[in-house]
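Trainee: no letters, just coordinates:
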């Protein structure tokens, strides 16, 4: 579980670096001084600033070590002007990362001694003093006491990501112009600068002219909104699979059996003895999966239909190289399968768990499974084990109605002892 959480945090911060997104006291930020400049540029923000002024400062603060400052400014801009579209964009994009505020302090009580030593070493050697370090070590929030506290933080992240996804869908017909930080995104701007220069002939004389006015600006229109929405949808889907059921008891089990030497049957019994383990969480995102799937289908069909316009250079837009989709027989088949699966019971050829070279046609009812998620994993847990400690049957071989023909074990339980 800790490994999954670490990956989620790392991926989340990386995403923050790829896409561009209150306090009432005056904030002064001295930017990095360019080599050819003798003065530093200041960003001055106060409670008297307009929402547009504040959100422009938020844009210039955005970077891998300062995104949390951008979030504060976006919050302030929204307080001043709730309808400001750009402020909404940055606020909802950055809101998710607040789930990790103080994470490196909050997680300590659930770590063993070696993990705490490794954490302190990483803080010393790999995380320099910066707003990012202050953000991850913020002591103002309660520490994590159990798995539920960790899962609550993850739910905060994934639910905020879903808010951003919905914002993009609701505003896909609007255009947003964002200005990127010239120091954080220096390479991208240099690339745009090179591409903006063209040779012009005038009466036999050639001259080089560079159109630099908008090289630090990116436009987002319908295509960019759809693209960003699908990225967010992928995050939400990951959260639905990772965080829908209580994991209470896993940390205690890991402490009792760090080397996984206890037989699987006994490990499961230890987990099931915890009354909370395996219960469906109230904030589960499983019911959003159908909507995400439907949106993916419509978005893909739109991209296919508009390839002539989308698959080309889009100068000045976030996706400046265009959106090129190669429609193959396999990709169309997958799209058709997804469309059918979201409509009701579907027939699929699935590999046998004990012999992956053999496929058997079976019926799946994915929509019923998503609309009425299993409330307690105990009802579908393995109930029989063979001599080599491998599960052979489930208590419910339909897995809550997913496998219509009562044959889930054929495809999910590799019981061969070889």
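Mentor: Happy to help now that I have it. Bear in mind the structure is a predicted one, so any value in this text is a computation, not a measurement.

Trainee: could you chop the protein up by domain?
Mentor: As recorded under automatic domain parsing, the domains making up the chain are 1-101, 181-215, 251-279, 344-418.

Trainee: residue 100 and residue 157 touch, don't they?
Mentor: Yes: using CB atoms under 8 Å, residue 100 is in contact with residue 157, at 7.2 Å. (Each C-beta comes from the backbone N, C-alpha and C, glycine too.)

Trainee: can you give the contact residues for the host helix or strand of residue 178?
Mentor: For residue 178, the host element (DSSP states H and E) is strand 176-179. Contact with strand 176-179 is made by 20, 56, 59-60, 85-86, 89, 216-220, 318, as judged by CB atoms under 8 Å, 6 or more residues apart in numbering.

Trainee: need the next SSE after the strand ranked longest in the chain, C-terminal direction.
Mentor: Counting residues, the longest strand in the chain under DSSP state E turns out to be strand 355-364. Where DSSP H and E defines the elements, the next helix or strand beyond strand 355-364 is helix 366-371.

Trainee: buried sites along that next one?
Mentor: 366-367, 369-370 (16 or more other CB atoms under 10 Å).

Trainee: how far out from the middle of the chain is it?
Mentor: On the basis of CA atoms, centre = their mean, to the nearest Å, helix 366-371 sits 23 Å off its chain's mean C-alpha point.

Trainee: please renumber the chain so that the first residue is 51 from this point on.
Mentor: In the new count, where the first residue is 51, that last one comes out as helix 416-421.

Trainee: against which helices or strands is it packed?
Mentor: Helix 416-421 sits against helix 339-355, with contacts defined as 3 or more CB pairs under 8 Å, 6 or more residues apart in numbering; DSSP states H and E.

Trainee: quick one: mean pLDDT for the helix or strand following the helix it packs on?
Mentor: Scanning forward in sequence from helix 339-355 by DSSP H and E, the next helix or strand is helix 357-360. Per-residue pLDDT values over helix 357-360 give a mean of 92.

Trainee: do stretch 304-313 as well
Mentor: Rounded mean pLDDT across stretch 304-313 is 91.

Trainee: give me the contact list for it.
Mentor: Stretch 304-313 has contacts (CB under 8 Å, 6+ apart) with 162, 317, 320, 435, 439.

Trainee: for it, measure first residue to last.
Mentor: One end of stretch 304-313 to the other measures 13 Å (CA to CA, to the nearest Å).

Trainee: who are the contact partners of the residue lying closest to residue 100 once chain neighbours are set aside?
Mentor: Among residues not flanking residue 100 along the chain, residue 130 sits closest, at 7.0 Å (CB to CB, 6 or more residues apart in numbering). The neighbours of residue 130, taking CB under 8 Å, 6+ apart as the test, are 100-101, 104.

Trainee: elements contacting the helix or strand hosting residue 389?
Mentor: Applying DSSP H and E as the criterion places residue 389 in helix 379-391. Helix 379-391 makes packing contacts with helix 339-355, strand 396-402 when contacts are defined by 3+ CB pairs under 8 Å, 6+ apart.

Trainee: tell me the buried residues in that helix?
Mentor: Across helix 379-391, burial judged by 16+ other CB under 10 Å covers 385, 388, 391.

Trainee: mind listing what the second one touches?
Mentor: By that I understand residue 388. 343, 346-347.

Trainee: one more pass at 6 Å, please.
Mentor: residue 343 (CB atoms under 6 Å, 6 or more residues apart in numbering).

Trainee: with adjacent residues omitted, what lies nearest to residue 215?
Mentor: For residue 215, the spatially nearest residue (CB to CB, 6+ apart) is residue 282, at 3.9 Å.

Trainee: re earlier: residue 220: which of the buried residues of helix 379-391 is nearest?
Mentor: Distance ranking of the buried residues of helix 379-391 against residue 220, using CB to CB, places residue 388 first at 23.2 Å.

Trainee: for the closest one, give its distance to residue 349.
Mentor: To residue 349, residue 388 is 12 Å away according to CB to CB, to the nearest Å.

Trainee: ok, residue 451 next?
Mentor: 29 Å.

Trainee: more crowded one of the two?
Mentor: Between residue 451 and residue 349, counted using other CB atoms under 10 Å, residue 349 has the larger neighbour count: 19 against 16.

Trainee: so the more buried one touches residue 276, yeah?
Mentor: Yes: here residue 349 lies in contact with residue 276, judged by CB atoms under 6 Å, at a distance of 5.0 Å.

Trainee: which of the domains of the chain has the lowest mean pLDDT?
Mentor: Mean pLDDT is lowest for domain 231-265 among these, at a mean of 53.

Trainee: what's the closest non-adjacent residue to the residue nearest the centre of the chain?
Mentor: Central residue of the chain (CA atoms, centre = their mean): residue 285, 3.3 Å from the mean position. Leaving aside its sequence neighbours, residue 285 sits nearest to residue 211 (CB to CB, 6+ apart; 4.7 Å).

Trainee: is the one you found part of a helix or strand, or is it coil?
Mentor: Classification of residue 211 using DSSP: H, G, I helix; E, B strand; the rest coil returns helix.

Trainee: need the contact list for it.
Mentor: 146, 282, 285-286.
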